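Enquirer: Only the shape, not the letters, is given here:
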């Protein structure tokens, strides 16, 4: 196992002491070490449920005989970053995610990875990392956002952009625009649309 490079032998006793500091037992350290990459945060609607998925993945890895270790991947919400200087920071995160995940996987010698991403930049960034690291890797999606409903019609984030255009054209008023923004994105999950991944 790759992880034997940081867990076995007298010369790796200092490494083991650090794993002990993390709460891992000697028995756990004899198992394959599986990195779980979590893009959970509280600013991206598509990622706000990922912590719960990650907990289930940890249990699954442990039940299957692995040693689960969670580490993060950053995530920017393109929808919130759009239309101001923040958009200059979105695309670059794809490469930062790939680079930082590769660094974590190689530095700690994970035997396998489980990626738990959602949305633009995170999915392709983690796919890039998986190709570079070349260990067994499983992807578990955070899932899609449910459709909104405005006046009996299903809506998505794309509908919100159309509503802004309708307000500028004078076909809907301020109150109607507010109704759209309160009912268009009703749940966590990735926005339904073909965007810039």
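Expert: Now that the structure is in, tell me what you want to look at. Here the structure is a predicted model, which is why all the values come from computation and not from measurement.
Enquirer: For the residue nearest to residue 189 when sequence neighbours are not counted, give me its contacts.
Expert: Nearest non-adjacent residue to residue 189, counting by Cβ to Cβ, 6 or more residues apart in numbering: residue 145, 3.5 Å away. From N, CA and C alone the C-beta is placed, and that goes for glycine too. Residue 145 makes contacts with 45, 46, 156, 157, 185, 186, 187, 188, 189, 190, 191, 192, as judged by Cβ atoms under 8 Å, 6 or more residues apart in numbering.
Enquirer: Give me the buried subset of these.
Expert: Buried members of those, counted by 16 or more other Cβ atoms under 10 Å: 45, 46, 156, 157, 185, 188, 189, 190, 191, 192.
Enquirer: returning to what we had before: out of the contacts of residue 145, list just those in helices.
Expert: residue 157 (DSSP state H).
Enquirer: now the strands: where do they sit in the chain?
Expert: 33-38, 67-72, 112-116, 137-139, 148-150, 153-155 (DSSP state E).
Enquirer: just those: most buried one?
Expert: strand 33-38 (a mean of 26; mean count of other Cβ atoms under 10 Å).
Enquirer: For that strand, give me every contacting residue.
Expert: In contact with strand 33-38 (Cβ under 8 Å, 6+ apart) are residues 1-3, 7, 50-51, 54, 57-58, 61, 66-73, 101, 104-105, 108-117, 126, 129.
Enquirer: For residue 114, list each beta-bridge partner.
Expert: residue 36, residue 138 (DSSP bridges).
Enquirer: thinking again about what came up before, would you list the strands of the chain in TSV and tack on distance to residue 26 and mean pLDDT?
Expert: Output for these, formatted as TSV (distance: least, Cβ to Cβ, whole Å; pLDDT from 0 to 100):
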stretch	distance to residue 26	mean pLDDT
strand 33-38	14	99
strand 67-72	11	98
strand 112-116	20	99
strand 137-139	27	98
strand 148-150	52	94
strand 153-155	54	93
